[in-house]
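Chemist: Need a 3D model of the following:
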Amino acid sequence: MNVSSRSVFDVCLLILVNGMWAAQYAAYKVAGEKMGPLTLSAWTFLIAAIVLLPFLIWERKRNPSQPSSRPLSSAGRSLWTKQNITGFLMIGIVGLIPASALLAWGVSRSSASDAALIYLTVPVMTALLASLILGEKMTWVRWGSLLLALLGVLMLSGFDWRHLQLTNPKFLFGNILVLLACSSSSFYNVYCKELLRRFTPIEVLVYGYALAVILGVPLALGVENFTISGIAHYAAGTWLALMVLSMMSWGLAMVLWMFLLRRLDVSQASVSIYLLPFLGVLISAITVHERVTKPMIIGGLITLAGTVLITAAESPST
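Modeler: Residues are numbered from 1 along each chain as shown. Have a look, this model is predicted:
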């Protein structure tokens, strides 16, 4: 297998992106103590949009006539076409809001082992949706890499299959919510690839986040009874968690992720999501001194091997 410098660069970026995503779990837990999932999502997307807006303005000023690196017609570049409005509504309504809010809601009503196992469906669903919507080809190398990474993360996580309760009535509703959130996340990854053909990564993120705020604030007000006076009860840790979520996980990490989606097929990039548990373990070991076992290390290395294989051995089909 010939590993090019481009492949090494892409793998390093995928590891960096997933490392920043791994930090979101603790941040969601801290911020979720003071607000509901809809309010938390609205705050996250609002701050992320504000943080990214100066970069969008700078991008426009730097190259006002051609923000995108690809030649596009004026009709294709306009935000206010039926195709583009539909695209951003799709990633906002079907992708961003459910992926964030339903996951927070579902995890609180599911067992940890059930939610962790369900989350492993994200790369598989992403690959299937990419094949159906974008026409990406799933070769035996891609399926093999996906299965290899899945094997590695199962070894890393050490699932106790005897205690899984996927159909237990007590957890069934929460498990369905988690599965729907995973489906939304997969859809967002795939549909953004289509928008990236006409818009830059910063544009896709800012426009999508702004729409998510517009749609999410009324939901937070109506469903969770959000009030301005409640902001006074946010602790310093709550604001810190929001900054981590908005600036790191939904900010810089997503900018890099969009950049990678323009270089790779969605099915290629999505395999790296299986690195999240391994990187989460490493972060926990460094920050809170949790124990790292041999199976965790072996599982993490196998997962990394799957990511390297699909990135280095396969060229993007688009």
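Chemist: which residues touch N18?
Modeler: For N18, the contact set (CB atoms under 8 Å, 6 or more residues apart in numbering) comprises 272-273, 275-276, 279. Every C-beta, even on glycine, is put in place using the N, C-alpha and C of the backbone.
Chemist: Quick one: the residues you listed as a markdown table, columns for pLDDT, neighbour count and secondary structure too.
Modeler: Shown next, in a markdown table, are these (pLDDT from 0 to 100; neighbours: other CB atoms under 10 Å; DSSP: H, G, I helix; E, B strand; the rest coil):
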| residue | pLDDT | neighbour count | secondary structure |
| --- | --- | --- | --- |
| S272 | 78 | 28 | helix |
| I273 | 77 | 24 | helix |
| L275 | 75 | 26 | helix |
| L276 | 71 | 20 | helix |
| L279 | 71 | 21 | helix |
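Chemist: of the residues you listed, closest to I15?
Modeler: In terms of CB to CB, no member of these lies closer to I15 than L275, at 6.4 Å.
Chemist: measure that closest one to L102 for me?
Modeler: 23 Å (CB to CB, to the nearest Å).
Chemist: out of the contacts of N18, who's nearest C192?
Modeler: I273 (14.5 Å).
Chemist: Let me see the contact set for that closest one.
Modeler: Contacts of I273 by CB under 8 Å, 6+ apart are 18, 122-123, 126.
Chemist: mind running it again at 7 Å?
Modeler: 18, 122-123 (CB atoms under 7 Å, 6 or more residues apart in numbering).
Chemist: Those in helices, which ones?
Modeler: 18, 122-123 (DSSP state H).
Chemist: between the residues you listed, which is closest to Y191?
Modeler: After measuring these against Y191 - CB to CB - the closest member comes out as V122, at 14.6 Å.
Chemist: Contact partners for the nearest residue to the closest one once chain neighbours are set aside?
Modeler: Using CB to CB, 6 or more residues apart in numbering and skipping the chain neighbours, the partner closest in space to V122 is C182 (4.9 Å). By CB under 7 Å, 6+ apart, the contact list for C182 reads 118-119, 121-122, 125.
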